[in-house]
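Undergrad: test case, fold it:
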Amino acid sequence: MNSYETKLFVNSHALGDYGSAQQALLNRDAFANVNSEVTSWPGYEPTSLIALNGLATANGVGALWCKHEGYRFEVGSFKPTGPAYAMLGVLKSEIKRTIGVKTVTTQDLVNRTFESVTREIVVSAATSGNHGRALAWGARMFGCRCVIYMSDGVSAGREHAIAAYGAEVVRVPGSYDRALERSHADAEALGYFVISDYESVDYPHVPRDIMQGYAMVADEVIQQFTGHPPPTHVFVPGGGGRFAGAICGHLWEAYGRNRPRLIVVEPNTSACLYQSAVEGHAVTLSDDGKSVMDGLVVGSASPQAWTILSAGAFAFLTIPDQAAIDAMRQASQGVGGDRPVVIGDTGIAAWAGFLAVARDESLRQQLRLDSGSRVVVIATEGATDPQVYEDIVGASPEAVLAKLNA
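TA: Next comes the predicted model:
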């Protein structure tokens with residue numbers, strides 16, 4: 001079994017204690033509001049922690065689980081916990097400012113109590129798929145308008161999924177960063193409220209709220225391990241770093257010095273977090289990469305996320321597209337009696353990272369991965385574009401899931 005072409009940076013600067021700089025971004029008090037809010041939304045359920053005993057045995061680790069975000073609400077990814085939560089804060093503030101009420105509840109928005117205000121509010125963002133889909137879903141639930149910007153390289157299936165929630169989709173030539181620039185320019189000119197990883201003058205706390213919302217995923221993992229030894233390793237996807245930072249920070253605050261070793265996984269072709277680790281500060285890449293893991297093709301590391309990851313992540317790993325393709329197919333088949341699992345092309349990154357490490361003895365040693373390890377891989381999406389999934393795996397999501405009942 002050949003090893004993949006990878007790059008690994010083990011973070012020798014990782015700190016022991018969760019410090020004040022990290023607590024200023026993510027903390028238990030702020031998370032309590034996230035937990036109260038998100039768990040009250042219609043359709044909330046914790047996502048599954050799937051045991052993969054066959055794959056664990058085949059790869060020489062003690063236990064392996066997949067935290068599968070493909071069934072988060074009806075959106076099919078982890079994203080509702082972040083952008084939709086941050087958007088809600090903006091909507092409530094705008095209603096209070098516009099009509100002078102002191103209290104606005106989420107149920108007021110669901111019931112369209114302030115529809116005369118919310119129907120005039122436009123939230124917007126640039127996306128490769130999941131962020132925009134979550135925002136469009138939230139806008140439909142809470143009664144505002146939504147405009148989503150996508151580069152021309154994003155699949156038609158992902159555009160249609162967003163439009164199905166009633167959002168307007170604007171295509172922008174070039175990369176994700178070009179779509180991002182257009183979204184901010186239009187927001188300034190047209191009065192839209194951008195719900196993204198970048199601060200705005202009116203709502204500078206939105207990026208922090210998004211990251212705090214993502215901590216919901218980590219908190220569910222903690223709860224799912226209650227009464228059992230916690231994982232020793234957690235593999236998470238990279239991108240701009242907010243999701244990885246949220247997972248890192250929440251696990252770190254909960255477990256302290258005994259936290260799992262967090263490994264951040266990125267494509268070889270777009271690895272701003274790996275490069276940030278190498279250079280010692282949050283960086284912006286000079287060119288736009290391409291990858292099967294399209295949602296992780298992000299040019300700039302989030303400075304806020306980097307405050308947490310630079311001090312808390314154990315390692316940064318880059319992998320080739322072939323690892324993602326192989327992992328998607330492996331998940332769809334099941335190994336050693338494991339159930340088949342449907343995971344999309346971006347959502348598979350953490351699983352692919354584990355696969356790359358497990359077949360390389362040098363990487364295993366550097367990450368201290370052995371027969372006693374208890375590993376969680378976080379799969380951030382299901383088959384959010386079924387046609388892309390089928391093209392890669394060779395079977396439709398429905399055909400893969402049918403094996404569960406065979």
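Undergrad: and residue 65, what pLDDT?
TA: Listed pLDDT for residue 65 reads 98.
Undergrad: for the one helix or strand it maps to, list the C-alpha coordinates in PDB.
TA: Element membership of residue 65 [criterion: DSSP states H and E] is strand 63-68. Provided in PDB are the C-alpha atoms of strand 63-68 (Å, rounded to 0.1, in the frame of the first residue of the first chain):
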ATOM      1  CA  ALA A  63     -11.000   2.600  18.100                       C
ATOM      2  CA  LEU A  64     -12.300   4.900  15.400                       C
ATOM      3  CA  TRP A  65     -15.400   7.000  15.100                       C
ATOM      4  CA  CYS A  66     -16.900   9.300  12.500                       C
ATOM      5  CA  LYS A  67     -18.800  12.400  13.700                       C
ATOM      6  CA  HIS A  68     -21.100  12.700  10.700                       C
END
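Undergrad: tell me the bridge partners for the residue nearest to residue 10 when sequence neighbours are not counted.
TA: Of all residues not flanking residue 10 in the chain, residue 315 sits nearest, at 4.8 Å (CB to CB, 6 or more residues apart in numbering). In short, each C-beta sits where N, CA and C put it, glycine included. Listed beta-bridge partners, residue 315: residue 10, residue 263 (assigned using DSSP bridges).
Undergrad: and residue 315, how many neighbours?
TA: Residue 315 has 24 neighbouring residues, counting by other CB atoms under 10 Å.
Undergrad: give the contact list for it.
TA: By CB atoms under 8 Å, 6 or more residues apart in numbering, the contact list for residue 315 reads 8-11, 261-264, 366-367.
Undergrad: which one of these is nearest to residue 106?
TA: residue 262 (31.6 Å; CB to CB).
Undergrad: the closest one against residue 316, yeah?
TA: No: the criterion here is CB atoms under 8 Å, and residue 262 misses it with residue 316 at 9.7 Å.
Undergrad: and the gap between residue 392 and residue 130?
TA: The gap separating residue 392 from residue 130 is 17 Å, by CB to CB, to the nearest Å.
Undergrad: any idea how this protein splits into domains?
TA: Domain assignment for the chain by automatic domain parsing gives 7-71+208-405, 79-204.
Undergrad: tell me how far the last one is from the chain's mean position?
TA: The gap between where domain 79-204 is centred and where its chain is centred comes out at 17 Å by CA atoms, centre = their mean, to the nearest Å.
Undergrad: re the thing from before, among the domains of the chain, which gets the worst mean confidence?
TA: When I compare the domains of the chain, domain 79-204 is least confident, with a mean of 91.
Undergrad: quick one: the strands in the stretch 101-250 of the chain?
TA: 122-127, 145-151, 168-172, 193-194, 233-237 (DSSP state E, counting those that start in this stretch).
Undergrad: neighbour count: residue 392 and residue 130, which is higher?
TA: Between residue 392 and residue 130, counted using other CB under 10 Å, the more crowded position is residue 130 (27 against 19).
Undergrad: for the spatially closest residue to that one that is not a sequence neighbour, phi and psi?
TA: Closest residue to residue 130 in three dimensions, ignoring its sequence neighbours and counting by CB to CB, 6+ apart: residue 77, at 4.1 Å. Residue 77 adopts backbone torsions of phi -160, psi 180, taken as degrees, to the nearest 10.
Undergrad: how close does residue 77 get to residue 259?
TA: According to CB to CB, residue 77 stands 25 Å off from residue 259.
Undergrad: and what of residue 376?
TA: The gap separating residue 376 from residue 259 is 12 Å, by CB to CB.
Undergrad: mind checking which of these two has more residues around it?
TA: A count of neighbours by other CB under 10 Å puts residue 376 above the other of residue 376 and residue 259, at 26 against 23.
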